[in-house]
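Asks: got a predicted model here, sequence first, then my questions.
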Amino acid sequence: MSEQGRPSGDTTLGFSPEWDQPIRYIARTHAWYQALGFGTPYRYAQFDQVPFTRLAKPLARSRVALLTTAAPFQPGLGEQTPNAPYNAQAKFYAVYSGDSASHPDLRISHVAVDRLHARDDNACWLPLPALKRAVAAGHIGELAPRFHGVPTNRSQRHTLAVDAPELLARCRADAVDAAILVPNCPVCHQSMSLVARHLEANGIACVLMGAAKDIVEQVGVPRFVFSDFPLGNAAARPNDVASQDSTLALALHLLDHACAPRTTVQNPLRWPGPADWRLDYMNPARLTPDELARRRAENERSKAEAQALRDATLADGTAPSVKE
């Protein structure tokens, strides 16, 4: 049965519905953009070998940095709430840093998250409060003085040649022992996986907290906490402090105890919303031809806006400023 329907599975044997499994985002995004009329499918990065660095000292004495693909709120650049339409004007294409002691206003309207299931709770994509609680509880030695924003670039070459080395330099300047990386959209998961590989290869132990399992495992990362939640909720369920702490605890345990690369742990928590939420994201079978045509036109406009912003950023190197 197509994804538009709701396959029931084998009720006599107690099977789950066919859609009740992690979304294959590579196939889903390929199908989506082909339905919008685009040509050759995007090639996601793929590696055989994965670097691995053990923590040089116990996590309780380590300095940990947070990396995010969320963007600083920028007044005057349109609606930037989690449920807002995709906002290419709010994108950023240069690494930025913010004060870890602050309460930054970071948003996800600039990337392809699951807007239907996004909520106005930035702890879902930015586990800074949970990290501060982990420091207070003695689970982490200390937070690095800065957190870092990672641009979402479709160009793997740019991420590897420009953004990853810049992030490594900033982490080294802050004497970081380990890093936690939290992506949001499909390409965010690729960008963060590439950055994690680079940091790990240069002596900084990394764990990625994400929701696009197929992309992360195809790229190949040292440690991965997979939460089977809609994109934009990799760090927690909405308005659920207990899930913030338990999901972070899985990541911290991996940093301390993983003994080999490609170690994946699945978060046991389930999404609290509709059981068939996986059928909503980028699913052309659920849209009419007129709606697909409208989405195609929107995509073309957004691409042009994003390209103009990227060209301007690469020309002058401007990074967004972080506000509380």
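Replies: Looks like it came in fine.
Asks: now do the strands in this structure.
Replies: All strands of the chain, identified by DSSP state E, fall at 63-68, 71-72, 96-99, 106-107, 142-143, 146-149, 178-182, 205-210, 223-226, 263-266.
Asks: could I get those as JSON lines with mean pLDDT and mean neighbour count?
Replies: Using the backbone N, CA and C atoms, a C-beta is placed for each residue, glycine as well. What follows is the strands of the chain, written out as JSON lines (pLDDT from 0 to 100; neighbours: other Cβ atoms under 10 Å):
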{"stretch": "strand 63-68", "mean pLDDT": "98", "mean neighbour count": "24"}
{"stretch": "strand 71-72", "mean pLDDT": "96", "mean neighbour count": "22"}
{"stretch": "strand 96-99", "mean pLDDT": "98", "mean neighbour count": "18"}
{"stretch": "strand 106-107", "mean pLDDT": "96", "mean neighbour count": "22"}
{"stretch": "strand 142-143", "mean pLDDT": "98", "mean neighbour count": "16"}
{"stretch": "strand 146-149", "mean pLDDT": "98", "mean neighbour count": "24"}
{"stretch": "strand 178-182", "mean pLDDT": "98", "mean neighbour count": "28"}
{"stretch": "strand 205-210", "mean pLDDT": "98", "mean neighbour count": "27"}
{"stretch": "strand 223-226", "mean pLDDT": "98", "mean neighbour count": "26"}
{"stretch": "strand 263-266", "mean pLDDT": "98", "mean neighbour count": "15"}
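Asks: Ser246 is nearest to which of those?
Replies: Shortest separation from Ser246 across the strands of the chain is recorded for strand 223-226, at 10.5 Å, computed as Cβ to Cβ.
Asks: what pairs with that closest one, parallel or antiparallel?
Replies: Each strand paired with strand 223-226, and its direction, by DSSP bridges: strand 205-210 (parallel), strand 263-266 (parallel).
Asks: quick check, central residue of the protein?
Replies: When Cα atoms, centre = their mean is applied to the chain, the residue found nearest the centroid is Pro183 (1.3 Å).
Asks: so who does that one touch?
Replies: By Cβ atoms under 8 Å, 6 or more residues apart in numbering, the residues touching Pro183 are Thr69, Val150, His189, Ser191, Met192, Ser193, Leu208, Gly210, Ala212, Ala234.
Asks: try 10 Å this time
Replies: Shown here is Pro183, whose contacts under the criterion Cβ atoms under 10 Å, 6 or more residues apart in numbering are 67-70, 111, 125, 150, 152, 189-193, 195-196, 208-212, 215-216, 231-232, 234.
Asks: and it, how close does it get to Asp311?
Replies: Applying Cβ to Cβ, to the nearest Å, one obtains 24 Å for the distance of Pro183 from Asp311.
Asks: point out where the stretch 1-150 of the chain drops to low pLDDT.
Replies: Scanning the stretch 1-150 of the chain for pLDDT under 70 picks out the ranges 1-11.
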